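Asker: here is the input, now give the coordinates:
(3 chains)
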Amino acid sequence: MDVNKKKSRSAEEVKNSEDTRKGPWSVEEDALLQNYVATHGDGRWNSVARCLKRSGKSCRLRWLNYLRPDVRRGNITLQEQITILDLHSRWGNRWSKIARHLPGRTDNEIKNYWRTRVLKQARNLKCDVDSEQFKDALRYVWMPRLIERIQPSSETHDPLHVSPSELYPNPTPPLHHQNGFHGSCSGSNALESSSAKSEDLGHNVSVPGLCENLNDRDMARGNMTLPFGGGDSMESLWDDENLWLMQQLCDDLEIKDNFLA
DNA sequence: AAGCATCCCAACCGCCGACAC
DNA sequence: TGTGTCGGCGGTTGGGATGCT
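Answerer: Numbers count the residues shown, from 1 in each chain, chains lettered A, B, ... in the order given. Purely as a prediction, here's the structure:
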């Protein structure tokens, strides 16, 4: 796009912003928009915008993200989380493309989910969300675990909802996942405070970074929010059978620390 | 009860490509 | 071919809700 076009566009947008209402939608506006779409169909946003004194963009967004009859609200399910993580690993931040594979979910909702849950967790881990360590943790530890958890209840076979063996034909993680557990983990941490679970089971393992950077609220709750947090709590990950997962994660984090050093 | 911190999500913004004229 | 309009997309933000001290 050339410079002139950019200039003209901003003039157009400035004009639009001066003429239109902004902020939360009222019930009346919602009703008007719904009626308009019911009568004329969607896609004619500037026409409806003139009736509502809103920008066309605002009308479109309100319809797609909120008023559309098939829009699903509520917690992102485990299966949806898997799909999001999987598709994001393939396509990156192509939210609308990802949303097309999650019926009823909007790109905005998926984007919000990613930013509030996954990026937060990367922050806690002091990982770059694009780092190989974080991606490996997703691919080889958390996603397979999630898949295992949803499998018993899955009856249909959606090509996008693949089994661990399909998604990860070679179950052997990369070399750095196979290293012994070097257990430099110590100190106060979520695994310990999240429960006395690990102590009860005779383990005394903590995960640097992963645990130490939890915010106080999560610590107090004993509720460590993994990237797939949400409707179905991840607390059950913190049991004996999953201890090895966190050991693998420790390996990752040590490698990350070396990498960053 | 009040103040503060954090989370979460609806909505906005700026950019871009497609298309019509 | 150049210009204007429109819809779509990804990034960002404001503010209400919630929880902690």
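Asker: thought residue A:37 was touching residue A:48?
Answerer: Yes: counting by CB atoms under 8 Å, residue A:48 is a contact partner of residue A:37 at 7.3 Å. The C-beta positions use only the backbone N, C-alpha and C, and glycine is treated the same way.
Asker: between the two, which one's more packed in?
Answerer: residue A:48 (22 against 19; other CB atoms under 10 Å).
Asker: next, the buried residues of the helix or strand hosting residue A:120.
Answerer: Following DSSP states H and E, one finds residue A:120 within helix A:119-124. Burial within helix A:119-124, assessed by neighbour count using 16 or more other CB atoms under 10 Å, is assigned to A:120-122, A:124.
Asker: where does chain A have low pLDDT?
Answerer: Under the criterion pLDDT under 70, the flagged ranges of chain A are A:1-19, A:151-261.
Asker: for it, which segments count as strands?
Answerer: Ranges of strands in chain A, per DSSP state E: none exist.
Asker: the buried residues of helix A:119-124: which ones sit near DNA strand B?
Answerer: Counting by CB under 7 Å from any atom of the strand, residue A:120 from the buried residues of helix A:119-124 sit close to DNA strand B.
Asker: may I see the buried residues of helix A:119-124 arranged in CSV, with distance to DNA strand C as well?
Answerer: As requested, the buried residues of helix A:119-124 are exported to CSV (distance: CB to the nearest atom of the strand, whole Å):
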residue, distance to DNA strand C
A:120, 12
A:121, 17
A:122, 14
A:124, 17
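Asker: and of the buried residues of helix A:119-124, the nearest to residue A:78?
Answerer: residue A:121 (15.9 Å; CB to CB).
Asker: what sits against residue A:105?
Answerer: Counting by CB atoms under 8 Å, 6 or more residues apart in numbering, residue A:105 makes contact with A:72, A:76, A:80, A:99.
Asker: from these, which would you call buried?
Answerer: Listed as buried from these are A:76, A:80, A:99; burial here means 16+ other CB under 10 Å.
Asker: closest one of the residues you listed to residue A:134?
Answerer: Using CB to CB, residue A:76 comes nearest to residue A:134 of the buried ones among the contacts of residue A:105, at 19.4 Å.
Asker: picking that back up, what packs against the helix holding residue A:120?
Answerer: With contacts defined as 3 or more CB pairs under 8 Å, 6 or more residues apart in numbering; DSSP states H and E, helix A:119-124 has no helix or strand neighbours.
Asker: alpha carbons of it, in CSV - could you do that?
Answerer: C-alpha atoms of helix A:119-124 as CSV (Å, rounded to 0.1, in the frame of the first residue of the first chain):
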residue,chain,number,x,y,z
LEU,A,119,1.3,-16.3,27.3
LYS,A,120,0.9,-15.9,31.0
GLN,A,121,2.3,-19.3,31.5
ALA,A,122,5.2,-18.6,29.3
ARG,A,123,5.9,-15.5,31.4
ASN,A,124,5.8,-17.5,34.5
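Asker: need the contact list for the closest residue to residue A:70 other than its chain neighbours.
Answerer: Spatial nearest neighbour of residue A:70, chain neighbours left out: residue A:104 (5.4 Å); criterion: CB to CB, 6 or more residues apart in numbering. Residues near residue A:104 by CB under 8 Å, 6+ apart: A:70-72.
Asker: just residue A:99 next, same as before
Answerer: A:105-107, A:109-110.
Asker: those: which two are farthest apart?
Answerer: A:105 and A:107 (8.2 Å).
Asker: return the member of the contacts of residue A:99 nearest to DNA strand B.
Answerer: residue A:109 (5.8 Å; CB to the nearest atom of the strand).
Asker: who's in contact with that closest one?
Answerer: Each residue near residue A:109 by CB under 8 Å, 6+ apart is listed here: A:65, A:76, A:99.
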